[in-house]
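Student: fold the following for me, if possible:
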Amino acid sequence: MTAELYHSPCCYYQRTTILTLEEMSHAFYLSSRQLNRILLQCYHTTITAYLKNLRYNTALAYMEKGGMTLREIAAECGFTDYQQLRRMIQKQKGPETHMI
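Tutor: Below is the predicted model of the structure:
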């Protein structure tokens, strides 16, 4: 069941651009607290951290592919605005990182 919990957000995320902890909990018939407990115990991450990382990696993949503006990528990946994505990239890669 834990492998299903860990890999399912990828498929679920691609069908909806906004995914909340409550939606994930509901999908697996667990409380949000129990879902976080299981993921933390098995994968050393919370669902919130996992989804944040998923959005970030998806955005990087779009950036590498090209053809989209940072605003379009941010919207596609579920960020509230492109500045949020920009700050996350700079935090991960450093402030001198060049954006699209």
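Student: elements contacting the top helix by length along the chain?
Tutor: As assigned by DSSP state H, the longest helix anywhere in the chain is helix 47-65. When contacts are defined as 3 or more C-beta pairs under 8 Å, 6 or more residues apart in numbering; DSSP states H and E, helix 47-65 sits against helix 2-15, helix 21-27, helix 32-43, helix 70-76, helix 82-93. (C-beta placed from N, C-alpha, C; glycine too.)
Student: pLDDT on the first one, on average?
Tutor: Looking back up the chat, that one is helix 2-15. Average pLDDT, helix 2-15: 46.
Student: likewise the fourth one?
Tutor: If you average the pLDDT over helix 70-76, you get 90.
Student: what helices or strands is that helix leaning on?
Tutor: Looks like helix 70-76 contacts helix 47-65, helix 82-93 (3+ C-beta pairs under 8 Å, 6+ apart).
Student: what comes up buried for it?
Tutor: Burial within helix 70-76, assessed by neighbour count using 16 or more other C-beta atoms under 10 Å, is assigned to 70, 73, 74, 75.
Student: identify, from those, the entry nearest to residue 55.
Tutor: Closest approach to residue 55 among those (C-beta to C-beta): residue 74, at 9.2 Å.
Student: what about that closest one, distance to residue 57?
Tutor: In this structure, residue 74 and residue 57 are 14 Å apart, going by C-beta to C-beta, to the nearest Å.
Student: minimum distance to residue 51: which of the helices and strands packed on helix 47-65 has it?
Tutor: Closest to residue 51 of the helices and strands packed on helix 47-65 is helix 2-15 (C-beta to C-beta; 6.3 Å).
Student: just put the buried residues of helix 70-76 in a markdown table and tack on distance to residue 89.
Tutor: Shown next, in a markdown table, are these (distance: C-beta to C-beta, whole Å):
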| residue | distance to residue 89 |
| --- | --- |
| 70 | 9 |
| 73 | 10 |
| 74 | 10 |
| 75 | 15 |
